[in-house]
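In: sharing a model prediction with you, sequence too.
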Amino acid sequence: MLPTSSMLRACSCVLTFGLMMPAVSVRAGVITTADGNGADAFVRGTGTWNHYADTNFGNADTVKIKHIGNLGDCRKAYLRFDLSGVSSEVLAATLKLTLDGGTTEGFSYNVYGLLDGHPGENWVEGDGGSDNSPLGELTWNNAPANFTTWGNGVIDSETWDLGYYSVAANTSAGTVVNFSGNNLLSFLNADTNDLATFLITRRGPYSQRLGNQIRTKENTLGAPPTLDLTLAPVPEPSTFLIWSIVGLVGIAWYRKRQRR
């Protein structure tokens, strides 16, 4: 018995279903500063007694952040993430920072994004010291968008203000700080070169206390700085292919039978 027109319509529906089939799930991704071209470091200024503006701290196992009148005691954090594995729109994003201890004071911290395409976006993390080896390793004097005469300042025209987070007094080591928001999401989705650098400075009045240090990829006690992402769904290639083949085979079989 020859196939009926209803069978042909069924095969056509299968093919159409395969061609129009939407993505089956929303994907998630985790990126750390240890992945790809990621990096984490801090810079320290030069003041009346302390001279660190040409010193690199890329090998430190914590990122230190401090704001005080003497620039030689001020520190700012630089975190870079390699986004080359992000192949679709970011639907949700959280920056996760693992603390290496707290103080008897609570502090708040500004988070900035280095503008996409900034010439300093591929800054060199370095291995510590003041020998400038590897060449161009990150220091207070060459750090991108660093306002070198301001203890917690950045160059506004070169950065995106993403917001701030706060840490309570006496927060224990190992605590994970979660930073998210629409500005973070927009910043990541605006990226075009697969690199995202964050600058973190301390808000508020001066304090002699160092504050909340952040564990880096060199630290063996906890996770390095992490971006936890939810990515837009993409078509599932295997499912798409299977249903399309089934539809095409069905139509070919029907046409062959019709010619007999």
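Out: The structure has been received and is ready for your questions. Treat the numbers as computed from the prediction; the structure is a model and nothing was measured.
In: ok, now which ones touch Asp228?
Out: Asp228 makes contact with Ala28, Gly29, Val30, Ala93, Thr94, Lys96, according to CB atoms under 8 Å, 6 or more residues apart in numbering. C-beta coordinates here come from the backbone N, C-alpha and C atoms, glycine included.
In: one more time with 10 Å, if that's ok
Out: Ala28, Gly29, Val30, Ile31, Thr32, Ala92, Ala93, Thr94, Leu95, Lys96, Asn178, Ser180 (CB atoms under 10 Å, 6 or more residues apart in numbering).
In: what of Ala173?
Out: Residues near Ala173 by CB under 10 Å, 6+ apart: Thr98, Leu99, Asp100, Gly101, Gly102, Asn212, Gln213, Arg215, Leu221, Gly222.
In: what about the residue nearest to Thr55 when sequence neighbours are not counted, how many neighbours?
Out: Sequence neighbours aside, Ser130 is the residue nearest to Thr55 in space, at 4.7 Å (criterion: CB to CB, 6 or more residues apart in numbering). When neighbours are defined as other CB atoms under 10 Å, Ser130 has 13 of them.
In: for Thr148, same thing?
Out: 16.
In: that one against Asp54, yeah?
Out: No: if you go by CB atoms under 10 Å, Thr148 and Asp54 don't touch, sitting 11.5 Å apart.
In: touching both of these two, which residues are there?
Out: In contact with both Thr148 and Asp54: Thr46, Trp140, Asn141, Asn142, using CB under 10 Å, 6+ apart.
In: which SS class is the nearest residue to the first one once chain neighbours are set aside?
Out: Read it as Thr46. In space, and not counting its chain neighbours, Thr46 is closest to Ala53: 3.8 Å by CB to CB, 6+ apart. Counting by DSSP: H, G, I helix; E, B strand; the rest coil, the backbone at Ala53 sits in coil.
In: what's the weakest-modelled helix or strand in this structure?
Out: helix 5-20 (a mean of 45; mean pLDDT, DSSP states H and E).
In: which intervals of the stretch 51-200 of the chain have sub-threshold pLDDT?
Out: The model of the stretch 51-200 of the chain has no residue with pLDDT under 70.
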